[in-house]
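Sequence and predicted structure below; questions after.
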2 protein chains.
Amino acid sequence: MTKNRTLFEEALSRNKASRETYRDSPYLRLTDDFRGSSKGTVSWQGRLIPGYPRIGRIFRLEQGLGQQFSGPFWVEEKIDGFNVRIFRAGDRILALSRGGYVCPFSTDRVPDFLDLGIFDEHPDLILCAELAGPENPYTEGGPSFVLEDVKLFVFDIMRFGHLGLLRQSETHELCERYALPTPRLYGRFEPAQWLEVRRIVEQLDVQRREGVVLKEDKPDGRRTKYVTAWSGIYDISVRAADTIELPGDFFTSRILRMALYLDETERELDANLELDLGRAFLRGLTESVQRFKREGRVYHDFRCRFRERENAEDLIAHLHTILGHTHVVQKRLEQEDGYWVLELEKEVPKLTGLLHQLFRGAALVD
Amino acid sequence: MTKNRTLFEEALSRNKASRETYRDSPYLRLTDDFRGSSKGTVSWQGRLIPGYPRIGRIFRLEQGLGQQFSGPFWVEEKIDGFNVRIFRAGDRILALSRGGYVCPFSTDRVPDFLDLGIFDEHPDLILCAELAGPENPYTEGGPSFVLEDVKLFVFDIMRFGHLGLLRQSETHELCERYALPTPRLYGRFEPAQWLEVRRIVEQLDVQRREGVVLKEDKPDGRRTKYVTAWSGIYDISVRAADTIELPGDFFTSRILRMALYLDETERELDANLELDLGRAFLRGLTESVQRFKREGRVYHDFRCRFRERENAEDLIAHLHTILGHTHVVQKRLEQEDGYWVLELEKEVPKLTGLLHQLFRGAALVD
């Protein structure tokens, strides 16, 4: 407790933490990595909820597995959604975003996917999960196997006040006992079995899935990830409209990944892949240009479902705070099939601004 | 003269200029824009050679022509090469690179393309030109209509000590009188004739040529440029191997240009274009990966022809100075059909370094 208080006091004094409030509860959030604690670490009424660790990515299985792991590791599917940490706060269950905000959407929906009984028996657990699917307020698109709404996938567990994640065996046991929804688990492998891991990833690629997370089977073991060629195309297609908002290497690093993936899987370049890549870039941007011409601005549509109206309103307020009032427009909030359906638009401000300039006939020096 | 001396003295004292030597001649070069003079401006034995002005780019003809120009403008073809300024220094003719170095390659080759008699009658002229073609020591590829070696295209003229370029009419006259090689000239248009300009650009696109430079027909008139969809694909294909060396927006800005071009020319997205774009990205990078696996480093091959051996040696020395000794390797320098043919390799150091890391199995956090 004292250590925790000291961490946040220092972080606050150095502008590395901020004070937040969820309904009536104040809490603290690291806005940056600080003294070995990662961005998104939260102090909830004096209790520490560590940030979910960032996971490095390997670009070669053959060399990467041996380099990253000294022994066996688990292979599980990587889910393309957004990361949440779920915990009990008094008589409520809350979900934190990666950055450490209480997320009104995830908090609302968690009970749809989890037997909350786990928190009665283990009130100090923090479930680390991915919420993934097309109807979410943060990310474009979602996994190819979640066709509507969202689904929850628990992939790690932490405990209050403890740095680090539970061992995989303990996590797997708890997930099984409480029937928590989890990503596909492919088993335990040795680094020398890289060809078997490659086969799994190649299967995922064919099925248009993202890739794998690899977790060393020992306390505080290392983690790494490796993705399919398809994931590169997919990322580019859903983010092409945001081209100029993103760091330039968002795109180039994905293409380099693809080139290395094709080499490692001994696949020849083929016209289908080339076509998919070119299309991924051009379609998104062309759509943005068309939208700009029609409506004078570029935005993305989001739609998500809430059990409670109040949470939808909290989400809008939250988005207004983090993205700015003018960039988030609520289009609709109505009951439909037992849910409150929220539809909103998020403006893509840099691209909107740039297209305004260009359509006025500006010249840019490059 | 005094003004010129003062400019460079101040620039030197602020690290905005550097002292260079070409053979026995010292000269000064602005390494940055300074007091209204652009980077690449040179003081040659007290005489000022202005830097060639940077030209902004429009992304829409319809709005851009009216916005940039208040009256008629000339349309000429844009040539994809590198910019040189050619001038007489005593009894020699020298060529400066855009950055303001005496370029040993261009200096060597200029007499192949120009009647130097122009400098006898007009010793104070500075010819601004593009040297373009596959056999040059700086840029990958070249225009689709220069199949070997290089060609010279004079497109502007300056005078010693005068800021600004000559009027188009004067430039056209001089080019004609001395039969200087020039880019295709399409004529003089009014901003309202944007559809005619579009037709010219669409023709160039079909012919796989880069685009147009537009020059207002008045003293110190504005200039702007507009390029074809093909030019975007081409740039990406020749620079894909350099992906991570380039600013990220090198690629994204080209794709945005393409999307706007397709919209303005009322062209639908088509599979050919999408395929070309995806291929442009993947082929270059895949080749780099293969080369790295074979040879442990990524590099580009260059080949160029010289009239004099000494100039080839000067070029190698120059490249060693600006790129570093380890990154430029001379492979061959031999006489062939009356020329000294130089072959060299330029390493792509960032990509080489990154691939070393990745092939050792490193994990990167993104």
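Yep, that arrived. Numbering: from 1, shown residues only, chains lettered A, B, ... in the order given.

if I look at the closest residue to A:Val150 other than its chain neighbours, how far off is chain B?
Of all residues not flanking A:Val150 in the chain, A:Gly133 sits nearest, at 3.5 Å (Cβ to Cβ, 6 or more residues apart in numbering or on different chains). For glycine as for every other residue, the C-beta is placed from the backbone atoms N, C-alpha and C. Using Cβ to the nearest Cβ, to the nearest Å, we find A:Gly133 at a distance of 23 Å from chain B.

Then A:Gln45?
A:Gln45 sits 31 Å away from chain B, going by Cβ to the nearest Cβ.

what sits against that residue?
For A:Gln45, the contact set (Cβ atoms under 8 Å, 6 or more residues apart in numbering or on different chains) comprises A:25, A:27, A:89.

Which pLDDT value goes with it?
Reported pLDDT at A:Gln45 in the predicted model: 92.

Could you measure from it over to A:Leu246?
Applying Cβ to Cβ, to the nearest Å, the value for A:Gln45 to A:Leu246 is 36 Å.

Also A:Phe160?
Computed as Cβ to Cβ, the A:Phe160 to A:Leu246 distance reads 35 Å.

got the residues of the stretch 51-200 of chain A near chain B?
Residues of the stretch 51-200 of chain A found near chain B (Cβ under 8 Å from any Cβ of the partner chain) are A:54-60, A:62-68.

Please tell me I have it right and the residue nearest to A:Val150 contacts A:Asp149.
Yes. Using Cβ atoms under 8 Å, A:Gly133 makes contact with A:Asp149 at a distance of 5.5 Å.

When these two are compared, which one has more neighbours?
Neighbour totals were compared for A:Gly133 and A:Asp149, and A:Gly133 leads with 22 against 16 (other Cβ atoms under 10 Å in any protein chain shown).

Contact partners for that one?
A:81, A:142-143, A:146, A:148-151 are the contacts of A:Gly133 under Cβ under 8 Å, 6+ apart.

Can you flag the buried ones in those residues?
Burial by neighbour count, 16 or more other Cβ atoms under 10 Å in any protein chain shown: within the contacts of A:Gly133 this picks out A:81, A:142-143, A:146, A:149-151.

one step back: what's the most distant pair in the residues of the stretch 51-200 of chain A next to chain B?
Spatially, the most separated pair among these is A:Arg54 and A:Glu62, at 23.7 Å (Cβ to Cβ).

Of these two, which one has the most company?
Neighbours of A:Arg54 and A:Glu62, each counted by other Cβ under 10 Å, are more numerous for A:Glu62; the result is 17 against 14.

ok, the more buried one touching A:Trp194?
Yes. Counting by Cβ under 8 Å, A:Trp194 is a contact partner of A:Glu62 at 5.1 Å.

Identify the contacts common to these two.
With Cβ under 8 Å, 6+ apart, A:Glu62 and A:Trp194 have no common neighbours.

So which residues of the stretch 251-366 of chain A form strands?
Remark: strands assigned in the stretch 251-366 of chain A by DSSP state E, counting those that start in this stretch are A:299-306, A:328-336, A:339-347, A:363-364.

So which of these is nearest B:Pro219?
strand A:363-364 (19.4 Å).

Off-centre distance for that closest one?
Chain-centre distance of strand A:363-364: 36 Å, with Cα atoms, centre = their mean, to the nearest Å.

is that strand anywhere near chain B?
Yes. Applying Cβ under 8 Å from any Cβ, one finds strand A:363-364 in contact with chain B at A:363-364.

Stretch A:234-253 too?
Yes. Stretch A:234-253 is in contact with chain B by Cβ under 8 Å from any Cβ, via A:240, A:243-244, A:246-253.

and that stretch, what's its mean pLDDT?
On average, the pLDDT along stretch A:234-253 is 83.

And it, what's buried?
By 16+ other Cβ under 10 Å, the buried positions in stretch A:234-253 come out as A:234-245, A:248-253.

Quick check: end-to-end length of it?
Using Cα to Cα, to the nearest Å, one end of stretch A:234-253 lies 14 Å from the other.

Outside of that stretch itself, list whatever touches it.
For stretch A:234-253, contacts defined as Cβ under 8 Å, 6+ apart pick out A:80, A:140-141, A:208, A:210, A:254, A:277, A:279-285, A:287-288, A:298, A:300, A:348-351, A:354, B:243-244, B:246-253, B:255-256, B:366.

same thing but 6 Å
Contact with stretch A:234-253 is made by A:140-141, A:254, A:280-281, A:284-285, A:288, A:348, A:350-351, B:243-244, B:247-249, B:252, as judged by Cβ atoms under 6 Å, 6 or more residues apart in numbering or on different chains.

before we move on, what about stretch A:324-338?
The contact list for stretch A:324-338, computed with Cβ under 6 Å, 6+ apart, reads A:312, A:316, A:319-320, A:341-347, A:349.

C-alpha coordinates for that stretch, PDB please?
Provided in PDB are the C-alpha atoms of stretch A:324-338 (Å, rounded to 0.1, in the frame of the first residue of the first chain):
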ATOM      1  CA  GLY A 324     -12.700  16.200 -27.900                       C
ATOM      2  CA  HIS A 325     -16.400  17.200 -28.200                       C
ATOM      3  CA  THR A 326     -16.400  18.200 -31.800                       C
ATOM      4  CA  HIS A 327     -14.900  14.900 -33.000                       C
ATOM      5  CA  VAL A 328     -17.500  12.500 -31.500                       C
ATOM      6  CA  VAL A 329     -21.100  12.800 -32.600                       C
ATOM      7  CA  GLN A 330     -23.900  10.600 -31.100                       C
ATOM      8  CA  LYS A 331     -26.200   9.600 -33.900                       C
ATOM      9  CA  ARG A 332     -28.700   7.300 -32.200                       C
ATOM     10  CA  LEU A 333     -29.400   5.700 -28.800                       C
ATOM     11  CA  GLU A 334     -32.400   3.400 -28.900                       C
ATOM     12  CA  GLN A 335     -33.600   0.200 -27.400                       C
ATOM     13  CA  GLU A 336     -33.500  -2.700 -29.800                       C
ATOM     14  CA  ASP A 337     -33.900  -6.400 -28.900                       C
ATOM     15  CA  GLY A 338     -33.200  -5.900 -25.300                       C
END
